[in-house]
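Student: Any chance you can model this:
(one chain, ligands or ions: 1)
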Amino acid sequence: MIEINSVLEILRWHVGIGVDEAIGDAPVDRFSLLEAPALPIQAPNPTVTRRPAVATPPPSQASDELVKAARALAAGASDVDALRSALMSFEGCGLRKTATNLVFFDGAPSAKMMMIGGAPGAQEDRQGKPFVGPSGALLDKMLASIGVQRNDVLLSNTVFWRPPGNRTPTEQEAAICLPFIQRLIELVQPEILITLGGPASKALLGESQGVGRLRGRWFSYKSAVLENPIDATVMFSPESLLKTPNQKRAAWQDLLMIREKLNV
Ligand code: URA
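Tutor: Below is the predicted model of the structure:
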């Protein structure tokens, strides 16, 4: 029987090394999973032809298939409710396995402005809504400072499930979710699109420079389905502003630039 003090010690040790989330009910010894079973050493047999070791497609090929499946599913959605249902039925993104809830979007589909962040955090995962944690509170204040209410904006993310431990989504995860966010933009057709942080700017605008270099100017977001390109800009994410408050000066300039474009 383990004593309560030992349990507390183990818990403290986990917190100390940065573990802040349990992603399963039962513990898994991942070290033992890594140990490859010892193979018997066999003399080479020249009469046996080896079968190519391609039982499963390599990751890039596998994700190409998933991206194609995501594209087909997203393209078939004729409104945001259908798109949500399509996403709920989509099993292709591995992040779904460790998340509590799908976090799709918040706000009115008639919004003139869309803001796309990186990925949901712990509170977003619990509530199934984007930007409801501390960064959401900051975002609400930022919007209010230019006279925009949260309800006037449609908020979403580059991926729709929380990455474990709030890690940055992988390129593969972002690529698999991309057709859904692109379809959401096509359905909402906002006047202004704002990417918050590097992962969203890379996924939607194809820009991989740092936010510091991308912010403060307008890009054109285009798609084959959109009649007209959408004015897009890049801002520091609210998480980044919370961690690095001296970026707030630049964020304020960006908000003024957006206010001018919105004509509010
Ligand atoms: N940060 C994001 O990028 N998205 C959220 O939903 C919350 C925090």
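Student: Run through the bridge partners of residue 232.
Tutor: Counting by DSSP bridges, residue 232 is bridged to residue 193, residue 219.
Student: confidence score at it?
Tutor: As predicted, residue 232 sits at a pLDDT of 98.
Student: Give me the neighbour count for it.
Tutor: 23 (other CB atoms under 10 Å). All C-beta spots, glycine's among them, are computed from the backbone N, C-alpha and C.
Student: which parts of stretch 84-101 are buried?
Tutor: For stretch 84-101, a neighbour-count test (16 or more other CB atoms under 10 Å) marks 84, 86-87, 90, 92-93, 95-96, 99, 101 as buried.
Student: So which bits of this protein are right by the ligand?
Tutor: 117-121, 124, 130-131, 133, 135, 157, 196, 237, 239 (CB under 6 Å from any ligand atom).
Student: separation between residue 184 and residue 158?
Tutor: 11 Å (CB to CB, to the nearest Å).
Student: and residue 202, what is it in contact with?
Tutor: Contacts for residue 202 (CB atoms under 8 Å, 6 or more residues apart in numbering) come out as 174, 208.
Student: Mind doing that once more with 6 Å?
Tutor: Counting by CB atoms under 6 Å, 6 or more residues apart in numbering, residue 202 makes contact with residue 208.
Student: Alpha carbons of the host helix or strand of it, as PDB, please.
Tutor: Assigned by DSSP states H and E, residue 202 belongs to helix 198-205. Taking C-alpha atoms only, helix 198-205 is exported to PDB below (Å, rounded to 0.1, in the frame of the first residue of the first chain):
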ATOM      1  CA  GLY A 198       3.100  32.600 -35.600                       C
ATOM      2  CA  PRO A 199       1.300  29.300 -36.100                       C
ATOM      3  CA  ALA A 200      -1.900  30.900 -37.400                       C
ATOM      4  CA  SER A 201       0.000  33.300 -39.700                       C
ATOM      5  CA  LYS A 202       2.000  30.400 -41.100                       C
ATOM      6  CA  ALA A 203      -1.100  28.200 -41.700                       C
ATOM      7  CA  LEU A 204      -3.400  30.800 -43.200                       C
ATOM      8  CA  LEU A 205      -1.100  33.400 -44.800                       C
END
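Student: For the stretch 151-264 of the chain, which residue gets nearest to the ligand?
Tutor: Closest residue of the stretch 151-264 of the chain to the ligand, CB to the nearest ligand atom: residue 157 (4.9 Å).
Student: Please report the distance of the residue nearest the centre of the chain from residue 65.
Tutor: Per CA atoms, centre = their mean, the C-alpha nearest to the average position across the chain is that of residue 159, at 2.6 Å. Note on residue 159: its distance to residue 65, by CB to CB, is 18 Å.
Student: swap in residue 239?
Tutor: Counting by CB to CB, the gap from residue 239 to residue 65 is 32 Å.
Student: Please identify which of those two sits among more neighbours.
Tutor: Neighbours were tallied for residue 239 and for residue 65 using other CB under 10 Å; the higher tally belongs to residue 239 (20 against 12).
Student: name the element the more buried one belongs to?
Tutor: helix 238-243.
Student: Show the average pLDDT along that helix.
Tutor: Mean predicted confidence for helix 238-243 is 98.
Student: Only C-alpha atoms, please: export it in PDB.
Tutor: What follows is helix 238-243 as a C-alpha-only set of coordinates in PDB (Å, rounded to 0.1, in the frame of the first residue of the first chain):
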ATOM      1  CA  PRO A 238      -2.600  37.500 -26.400                       C
ATOM      2  CA  GLU A 239      -0.500  34.700 -24.700                       C
ATOM      3  CA  SER A 240       2.600  36.300 -26.100                       C
ATOM      4  CA  LEU A 241       1.400  39.800 -24.800                       C
ATOM      5  CA  LEU A 242       0.800  38.300 -21.400                       C
ATOM      6  CA  LYS A 243       4.300  36.900 -21.300                       C
END
